[in-house]
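Chemist: compute the structure for the input listed below.
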Amino acid sequence: MTGKQKKYLRGLATKMAPVLQVGKSGISDNVIKQLEETLIARELLKVRVLPNCPVEVSDVASILSERTQSEIVQVIGRNVVFYRRKMEVGDQKSDA
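Modeler: Residues are numbered from 1 along each chain as shown. As a prediction, the model looks like this:
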């Protein structure tokens, strides 16, 4: 992703409210599942890492990005912005 693309996405994300929160249970399977479902519905989303989360914000960002195959657009304070392009019908990989 180019710098211009990230800048554009950061601009869109400034007006967004966090959709998902990572709290005291840290990065659970449920958090990853919710993030996956939200990335399918929306390409761009903001996640808030609560102060009682046992994992550092930068670690949460990298782990969630890796597990969901998404890109980190921005980490600012306790908010992380993720982006993943929606899969079109022709983009899906076939197992054949």
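
Chemist: how about low-confidence regions in this protein?
Modeler: Scanning the chain for pLDDT under 70 picks out 88-96.

Chemist: quick one: what helix or strand has the residue nearest to the spatial centre of it in it?
Modeler: Residue closest to the average C-alpha location in the chain (C-alpha atoms, centre = their mean): residue 82, at 3.1 Å. For residue 82, the host element (DSSP states H and E) is strand 79-83.

Chemist: state the distance from the closest residue to the residue nearest to the centre of the chain other than its chain neighbours to residue 1.
Modeler: Counting by C-beta to C-beta, 6 or more residues apart in numbering, the nearest residue to residue 82 once its immediate chain neighbours are dropped is residue 70, at 4.5 Å. C-beta here means a position set from N, CA and C on the backbone, and glycine is covered the same way. Separation of residue 70 from residue 1 (C-beta to C-beta, to the nearest Å): 11 Å.

Chemist: same question, residue 26
Modeler: 27 Å.

Chemist: repeat for residue 32
Modeler: 22 Å.

Chemist: so for the two, which sits in the more crowded spot?
Modeler: A side-by-side neighbour count of residue 32 and residue 1, using other C-beta atoms under 10 Å, places residue 32 first with 14 against 11.

Chemist: so who does the residue nearest to the centre of the chain touch?
Modeler: Contacts here follow C-beta atoms under 8 Å, 6 or more residues apart in numbering; on that basis residue 82 touches 35, 39, 44-47, 64-65, 68, 70-73.

Chemist: could I get the residues you listed as a markdown table with secondary structure, distance to residue 15 and neighbour count?
Modeler: Formatted as a markdown table, the contacts of residue 82 follow (DSSP: H, G, I helix; E, B strand; the rest coil; distance: C-beta to C-beta, whole Å; neighbours: other C-beta atoms under 10 Å):
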| residue | secondary structure | distance to residue 15 | neighbour count |
| --- | --- | --- | --- |
| 35 | helix | 20 | 23 |
| 39 | helix | 19 | 20 |
| 44 | strand | 11 | 18 |
| 45 | strand | 13 | 22 |
| 46 | strand | 10 | 19 |
| 47 | strand | 16 | 23 |
| 64 | helix | 22 | 22 |
| 65 | helix | 22 | 18 |
| 68 | helix | 23 | 16 |
| 70 | coil | 20 | 20 |
| 71 | strand | 19 | 15 |
| 72 | strand | 19 | 17 |
| 73 | strand | 14 | 22 |
